[in-house]
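Peer 1: sequence first, predicted model second:
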Amino acid sequence: TIWTGDSLARVGRSALPGWYDFNSLTYGIAQSLALSEYLCYIMLEGEQPPGFDASDYFDPLRYGRWATDEYTEAKVKETYTHNNKVVYPYENRSAGRDFVGISYPLHSVLANHGARFGPFGASGIETPICYDDGSMEVHNSSKVTDFVWADKAAEEAKHVLEHVGLSYSSFSKILVKGTGSREFLEHVTTAIVPKKQSKIPGDMPCRLTYATTPKGYVCTEFTLCRENDEGTSWYLVGSRDHHHMDVTWLRDQARNANADVVIEDMSTEICVLHVAGPKSKQLVTGIDERVEDLPFMHGRDLKNFGGVDKADLRIFRVSFSGELGFEFHFDSKLGPKIHDIIYNHNLSDKDNLNLRHFGSAALNSLRMEKGFKLRADLDMSHYKEAGIEPFLAKKRPFLGRDETFEPKRFSKMFKIYTDKSNAWSVPGDTPVKSKDGKLIGYTTTTARSTTFDGTYGMGFVYANVELPREAVVEAYGMTFAAEILDGPPEKMKGKD
């Protein structure tokens, strides 16, 4: 038996064209037949079987160079000794943290400001769950309720809603260049690709879009940014935990389409900071007035940000929080400098702005209420099931477009009546049932609400069932009343 750090097999395509992995099965007899069938489907059809999204579990590309031998040894020991133990939500196991091969210069800066870091994703990057005075222990938790960081995350989210917060964002950053790049992106993504540059010279228009498989299943999402007038250079921002998978997928599709493009993964070279809240524009324009007229969903390159020599960056007026906000993209080596320009700003209304850090848990609460999806919320659904209608080109063909497809499920949101102690206690893949016990759907992700004492969740309901207004959700032996919502409970802010 050969173990990986997470004890899961490596099954699927690799970064080498035509090379597939099938190894590291920890329970060969139990796993081999099902995984053989899974791999055969991938090899013959070029994608995962419908309704069986196992990429987060078995994809060989979930590990990169960051997973050193020392990290793997420590993680395998931990995983093996936990083999027959209960797995908890937000457990955040700590083995291997000291041996990860890739970090980012901002990590130590954030730690000095009280960052409490969550688990490593497939990017080898750990991001702050929340911030405190350094005394909070967020690793090796064995709880299903009353998470130690929950109140701090709620406090941070409330602060962003009322003032302005500063957060680290670990997105992927991918460049697609070449004379055929626009046509290629129109082929592999669903939304209208910006055909013209901005009315403001030098500004870069952006669009949210989704990528589909040859059979029309949504495999990832990107924000596309058009970098030049010619439409030959594009900057894509997506899920950092899936950047190896997304880059490989883009290269596979470019090869299949014989597209004249070059695809570069810049995820390690570029870092992102994010400010959000009703006072974020006041903060950013106070630091650098050149941002004053930046339109929503546009980017702008700035030299010497805030008047600081060599503090060059690209700023976007976007926010995954759904609040008014801005993202700063810059060379990773400049991370500490850019952070300090923002955090240590010397504005006359510094006390009124009340800038503070916030972590991923607070961001999760904020994005949930606006209906902003994570990759997990797509759940490898068909584009006609995924709830992404605003991001579908009306007429243009794209990879996997099939208007005859009959949906088997539909994306929905749920309002779940938990309480303060268990507002984070409903995991993904939790069944949603009618009051008489009939299965009607399931959750994909959930988060504590910022507006009521409970939980909001995303997920799917089945197409062949009559949906009751009232439902129940069962998790960890607890039963919660729930409602099926027609749309996000809160409106996105920051467009105007």
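Peer 2: Yep, it's here.
Peer 1: what helix or strand does K215 sit in?
Peer 2: Counting by DSSP states H and E, no helix or strand carries K215.
Peer 1: same check on the one 10 residues further on?
Peer 2: Per DSSP H and E: C225 is located in strand 218-226.
Peer 1: elements contacting whatever helix or strand comes next after that strand?
Peer 2: Heading C-terminal from strand 218-226, the first helix or strand you meet, by DSSP H and E, is strand 233-239. Where contact means 3 or more C-beta pairs under 8 Å, 6 or more residues apart in numbering; DSSP states H and E, strand 233-239 is packed against strand 171-177, helix 181-188, strand 218-226. For glycine as for every other residue, the C-beta is placed from the backbone atoms N, C-alpha and C.
Peer 1: so for P489, which of the ones you listed sits nearest?
Peer 2: When those are compared by C-beta to C-beta, strand 218-226 sits nearest P489, at 21.4 Å.
Peer 1: all helices for the stretch 351-496 of the chain, in order.
Peer 2: Secondary structure of the stretch 351-496 of the chain (DSSP state H, counting those that start in this stretch): helices located at 360-369, 375-378.
Peer 1: tell me which of those helices sits most buried.
Peer 2: helix 360-369 (a mean of 25; mean count of other C-beta atoms under 10 Å).
Peer 1: on that earlier part again, just list what the strand holding C225 packs against, helices and strands only.
Peer 2: strand 204-212, strand 233-239, helix 243-257, helix 375-378.
Peer 1: what comes up buried for the third one?
Peer 2: To tie it back to what came earlier, the one meant is helix 243-257. Within helix 243-257, the residues that qualify as buried are H243, H244, M245, D246, V247, T248, W249, L250, R251, Q253, A254, counting by 16 or more other C-beta atoms under 10 Å.
Peer 1: of the helices and strands packed on strand 218-226, which is nearest T68?
Peer 2: That would be helix 243-257 among those, by C-beta to C-beta, at 16.0 Å.
Peer 1: just the C-alphas of the closest one, formatted as PDB.
Peer 2: Provided in PDB are the C-alpha atoms of helix 243-257 (Å, rounded to 0.1, in the frame of the first residue of the first chain):
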ATOM      1  CA  HIS A 243      -5.100  26.300 -10.600                       C
ATOM      2  CA  HIS A 244      -3.000  23.200 -11.600                       C
ATOM      3  CA  MET A 245      -6.200  21.600 -12.800                       C
ATOM      4  CA  ASP A 246      -7.500  24.700 -14.500                       C
ATOM      5  CA  VAL A 247      -4.200  25.400 -16.300                       C
ATOM      6  CA  THR A 248      -4.000  21.800 -17.500                       C
ATOM      7  CA  TRP A 249      -7.600  21.900 -18.600                       C
ATOM      8  CA  LEU A 250      -7.000  25.100 -20.600                       C
ATOM      9  CA  ARG A 251      -3.900  23.600 -22.300                       C
ATOM     10  CA  ASP A 252      -5.800  20.400 -23.100                       C
ATOM     11  CA  GLN A 253      -8.600  22.400 -24.700                       C
ATOM     12  CA  ALA A 254      -6.200  24.700 -26.600                       C
ATOM     13  CA  ARG A 255      -4.500  21.600 -28.000                       C
ATOM     14  CA  ASN A 256      -7.800  20.000 -29.000                       C
ATOM     15  CA  ALA A 257      -8.900  23.200 -30.700                       C
END
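Peer 1: contacts for the helix or strand just after it, please.
Peer 2: Next helix or strand after helix 243-257 toward the C-terminus (DSSP H and E): strand 262-265. For strand 262-265, the surrounding residues in contact (C-beta atoms under 8 Å, 6 or more residues apart in numbering) are 172-178, 243-244, 247, 250-251, 254.
Peer 1: so T455 is in contact with V426, correct?
Peer 2: Yes: counting by C-beta atoms under 8 Å, T455 does reach V426; the two are 5.7 Å apart.
Peer 1: shared neighbours, the two?
Peer 2: I416, T418, T446, F480.
Peer 1: nearest to T4, of the residues you listed?
Peer 2: T446 (27.8 Å).
Peer 1: any idea what that closest one is bridged to?
Peer 2: G457 (DSSP bridges).
Peer 1: and the pLDDT at it?
Peer 2: If you check T446, the pLDDT there is 97.
Peer 1: ditto for A150
Peer 2: 96.
Peer 1: what is the burial count for the spatially closest residue to it that is not a sequence neighbour?
Peer 2: Using C-beta to C-beta, 6 or more residues apart in numbering and skipping the chain neighbours, the partner closest in space to A150 is W424 (5.7 Å). Residue crowding around W424 was assessed by other C-beta atoms under 10 Å; the count is 26.
Peer 1: just to check, W424 is in contact with A447?
Peer 2: Yes: look at W424 against A447 with C-beta under 8 Å: they come within range, at 7.3 Å.
Peer 1: share the number of residues neighbouring A463, please.
Peer 2: Using other C-beta under 10 Å, A463 has 11 neighbouring residues.
Peer 1: no, scratch that, I was asking about P489
Peer 2: When counting by other C-beta under 10 Å, one arrives at 16 neighbours for P489.
Peer 1: F480 too?
Peer 2: For F480, using other C-beta under 10 Å, the count is 20.
Peer 1: in the stretch 1-150 of the chain, where is pLDDT below threshold?
Peer 2: 1, 102, 122 (pLDDT under 70).
Peer 1: tell me where it has strands.
Peer 2: Ranges of strands in the stretch 1-150 of the chain, per DSSP state E, counting those that start in this stretch, are 10-13, 20-23, 115-117, 128-131.
Peer 1: tell me what the third one is packed against?
Peer 2: Under the contact criterion of 3+ C-beta pairs under 8 Å, 6+ apart, the helices and strands touching strand 115-117 comprise strand 128-131.
Peer 1: of all the residues in the strand it packs on, which ones are buried?
Peer 2: For strand 128-131, burial by neighbour count (16+ other C-beta under 10 Å) applies to P128, I129, C130, Y131.
Peer 1: can you put those in JSON lines and add distance to N83?
Peer 2: Listed next are these as JSON lines, based on distance: C-beta to C-beta, whole Å:
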{"residue": "P128", "distance to N83": "30"}
{"residue": "I129", "distance to N83": "26"}
{"residue": "C130", "distance to N83": "30"}
{"residue": "Y131", "distance to N83": "34"}
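Peer 1: from those residues, which single one is nearest K384?
Peer 2: Using C-beta to C-beta, these come closest to K384 at I129, 35.1 Å.
Peer 1: mind listing what the closest one touches?
Peer 2: Counting by C-beta under 8 Å, 6+ apart, I129 makes contact with N92, R116, F117, G118, V138, W149, A153, G359, S360, A361.
Peer 1: of those residues, buried ones?
Peer 2: When the contacts of I129 are checked for burial by 16+ other C-beta under 10 Å, the buried set is N92, R116, F117, G118, V138, W149, A153, G359, S360, A361.
Peer 1: tell me the bridge partners for the closest residue to M43 other than its chain neighbours.
Peer 2: Using C-beta to C-beta, 6+ apart and skipping the chain neighbours, the partner closest in space to M43 is Y20 (6.0 Å). For Y20, the beta-bridge partners are R13 (DSSP bridges).
Peer 1: correct me if wrong: Y20 contacts S14.
Peer 2: Yes: with contact defined as C-beta under 8 Å, Y20 reaches S14; the gap is 6.6 Å.
Peer 1: ok, the contacts of I129 vs N83, which is closest?
Peer 2: N92 (18.3 Å).
Peer 1: how about the strands in the stretch 351-496 of the chain?
Peer 2: Using DSSP E, counting those that start in this stretch, strands in the stretch 351-496 of the chain cover 355-357, 409-416, 431-433, 439-448, 455-462, 470-475, 478-485.
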